[in-house]
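Asker: the following comprises the amino acid sequence and a computationally predicted model.
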Amino acid sequence: MQTITAALALGAAAILGAATLAPVDADARTRRGSAQIQTERGTATAERSTTRTRGLRTRETTVTGPNGRTTSATETRTRDREAGTASRERDRTFADGTTRSVDGAVQKTGEGTYSATRTVTGRDGETRTQTGDFTRTATEDGRNVS
């Protein structure tokens, strides 16, 4: 149930994240949002801050459950269109102090073809890496990835 509460709070924070727009500098903008979710166990609170500049997005989210326990996540995404690269780093800290991180990178290798790698370090400290190539083509109603 804690997971559902956290997911609801994160979703509400995403909806409310557009509530405030405060520029950090000429190229950056920061949005902050917060939400409270009523559950059968009490009130959960979520807070989110998203900062964007060209080619970079950083998002910090904190959710506090009705029992006072907190989980937080930090996500950084980068994209360089000219170089054909993108990356995503996500670190999550759970209420019990354990962490999980996911780091991924994509390199464009040709027209509609890409090479990707993803490394996950679980809460137990074990790390696994996945690599592969994929293609992406446009369709009438979206995209097809294989």
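Answerer: In hand now; what should we look at? Residues are numbered from 1 along each chain as shown.

Asker: what's the first helix or strand after the lowest-mean-pLDDT helix or strand in the chain?
Answerer: Using mean pLDDT, DSSP states H and E, strand 22-23 stands out as the lowest-scoring helix or strand of the chain, at a mean of 42. Counting by DSSP states H and E, the element after strand 22-23 in chain order, helix or strand, is strand 29-39.

Asker: against which helices or strands is the helix or strand just after that following strand packed?
Answerer: Scanning forward in sequence from strand 29-39 by DSSP H and E, the next helix or strand is strand 42-53. In terms of contacts (3 or more C-beta pairs under 8 Å, 6 or more residues apart in numbering; DSSP states H and E), strand 42-53 is packed against helix 2-16, strand 29-39, strand 56-64. Every C-beta, even on glycine, is put in place using the N, C-alpha and C of the backbone.

Asker: angle of the shortest one against strand 42-53?
Answerer: Comparing the axes of strand 56-64 and strand 42-53 via axes from the mean of the first three to the mean of the last three C-alpha atoms, to 10 degrees yields an angle of 170 degrees.

Asker: what mean pLDDT does strand 56-64 get?
Answerer: Mean pLDDT, strand 56-64: 97.

Asker: where does the residue nearest the centre of the chain land in three-state SS?
Answerer: Centroid check for the chain by C-alpha atoms, centre = their mean gives Glu75 as the closest residue, at 4.7 Å. Per DSSP: H, G, I helix; E, B strand; the rest coil, the local secondary structure of Glu75 is strand.

Asker: does it really touch Ser101, like I thought?
Answerer: No. Contact between Glu75 and Ser101 fails when scored by C-beta atoms under 8 Å: they sit 10.4 Å apart.

Asker: overlap in contacts, the two.
Answerer: Counting by C-beta atoms under 8 Å, 6 or more residues apart in numbering, the contacts common to Glu75 and Ser101 are 89-91.

Asker: drop anything exposed from those.
Answerer: Taking 16 or more other C-beta atoms under 10 Å as the criterion, what is buried in the shared contacts of Glu75 and Ser101 is 89-90.

Asker: got JSON lines for the shared contacts of Glu75 and Ser101, with secondary structure too?
Answerer: Converted to JSON lines, these look like this (three-state DSSP):
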{"residue": "Glu89", "secondary structure": "strand"}
{"residue": "Arg90", "secondary structure": "strand"}
{"residue": "Asp91", "secondary structure": "strand"}
